[in-house]
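Trainee: my questions concern the predicted model and sequence given below.
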Amino acid sequence: MDIFSVSYSKLKTFNECKIKYTFTYIYKLPVINISFSTLAGTLVHKFSELYLKGYDYKTIYSIYSNKDTFYDVVFNDLAERLRLDNDESYKERYINKLKEVNKDFIPLYTALKHFKNLIHTLNYIKKNYEKVEVEILKELTIENIKFYGILDINAEKNSNSIHILDIKTGKEKNYSKSQLLFYSVITGIEEKEISVGFINPKTNQKVLGKVDKEIIKKFKDKMLNYSIQAKEITKKIKENIPIIAPEEVKKFAVEIENNILSDENIQTIKEAITYINNNDFSKEDKKEYCNFCPYKNICKTLGVIWIVLKHQK
């Protein structure tokens, strides 16, 4: 049985840029992309998870404010969440990048400040919900497509009501209700009343609303159809671009992080871009998604390749 696995991030990346999608989900390049905001946001999520599991603020602070162990602790958090292999070279690269971003430990203290703002809301959740699950993996398979996602907070108000809450530390304009609808579908519980919402630690504001069952049904059909399209295009791309040997993937990723590609890997990218462009897979992709892409420097470096390829069409 040919199962195609789909997360919300995977579908979002597929929609935004087929080049980024190819690097991330076909070549599976372990490229490290960390910014101030992503580190602070990751920490807020982890602090909230621990708090809802019974850790108090003082204990969490003592674990993460220890500068001698901070980087190992954060990497282990990531390894657990993403199920990373015990790869010492990846760990070294990741921690080196963390040290660049976490200058003077300001992201850590920013995260602790946001987390402190969240405690009132987290206490409310503890007190008013019968069952609270955090960082919970949900999966649902439909027509040989496995949808999966990690929910920040999955809480049962009572036996007939489920609330899916997502912690967001970024700008409100970047909140995506589609993400919460995706999570609503993969709970697989259509007979219960589902509410979804975002928690903003900067304002301690909780935005929560019920989701009509018909909306969930329509979104389920939409994401299934879109995933079938992604599966078909992924199959074509895999069959028609150069294959990277497993032992070369790590080397390729390091080259991308350092913005220095070998001639062989430049040729690999050329062939991949040529195939994707010639088949118009990227014709609707928008440049606005480039800003935070880990591959943006390579695309800029190889900008002349894009120009040449477009003139060849």
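Mentor: Yep, that arrived.
Trainee: show me the shaky parts of the protein.
Mentor: Within the chain, the stretches with pLDDT under 70 are 1, 82-86, 173-174, 203-208, 283-284, 286, 301-313.
Trainee: helices of that one, start to end?
Mentor: 8-16, 18-21, 36-52, 57-64, 70-82, 88-101, 106-128, 177-186, 213-240, 246-257, 263-278, 296-301, 303-312 (DSSP state H).
Trainee: what's the spacing between Asp152 and Val44?
Mentor: 10 Å (C-beta to C-beta, to the nearest Å). (Each C-beta comes from the backbone N, C-alpha and C, glycine too.)
Trainee: more neighbours: which of the two?
Mentor: When Asp152 and Val44 are compared for neighbours, Val44 comes out ahead with 24 against 20, by other C-beta atoms under 10 Å.
Trainee: wait, isn't the more buried one in contact with Leu118?
Mentor: Yes. Counting by C-beta atoms under 8 Å, Val44 touches Leu118, with 7.2 Å between them.
Trainee: who touches both of these two?
Mentor: Listed as contacting both Val44 and Leu118 by C-beta atoms under 8 Å, 6 or more residues apart in numbering are Ile167, Pro201.
Trainee: okay, now Pro242: neighbour count?
Mentor: 14.
Trainee: now swap in His45 and tell me
Mentor: His45, neighbours per other C-beta under 10 Å, totals 24.
Trainee: the one 4 residues further on too?
Mentor: Other residues lying near Glu49 total 19 when counted by other C-beta under 10 Å.
Trainee: and the gap between it and Gly188?
Mentor: 22 Å.
Trainee: same question for Asn117.
Mentor: 33 Å.
Trainee: please work out which residues outside stretch 51-59 touch it.
Mentor: Stretch 51-59 is touched from outside by Leu50, Ile60, Phe115, Lys116, Ile119, Leu122, Ile125, Lys126, Val132, Val134, Ile153, with contacts defined as C-beta under 8 Å, 6+ apart.
Trainee: greatest separation within those residues: which pair is it?
Mentor: Largest separation among the contacts of stretch 51-59 by C-beta to C-beta: Lys116 and Val132, giving 19.7 Å.
Trainee: quick one: which of the two has more around it?
Mentor: Just comparing Lys116 and Val132: by other C-beta under 10 Å the higher neighbour count belongs to Val132, 18 against 14.
Trainee: you'd agree the more buried one is up against Lys126?
Mentor: Yes. Applying C-beta under 8 Å as the test, Val132 and Lys126 come out as touching, 6.8 Å apart.
Trainee: returning to what we had before: shared neighbours, Asp152 and Val44?
Mentor: Joint contacts of Asp152 and Val44 (C-beta under 8 Å, 6+ apart) are Ile167.
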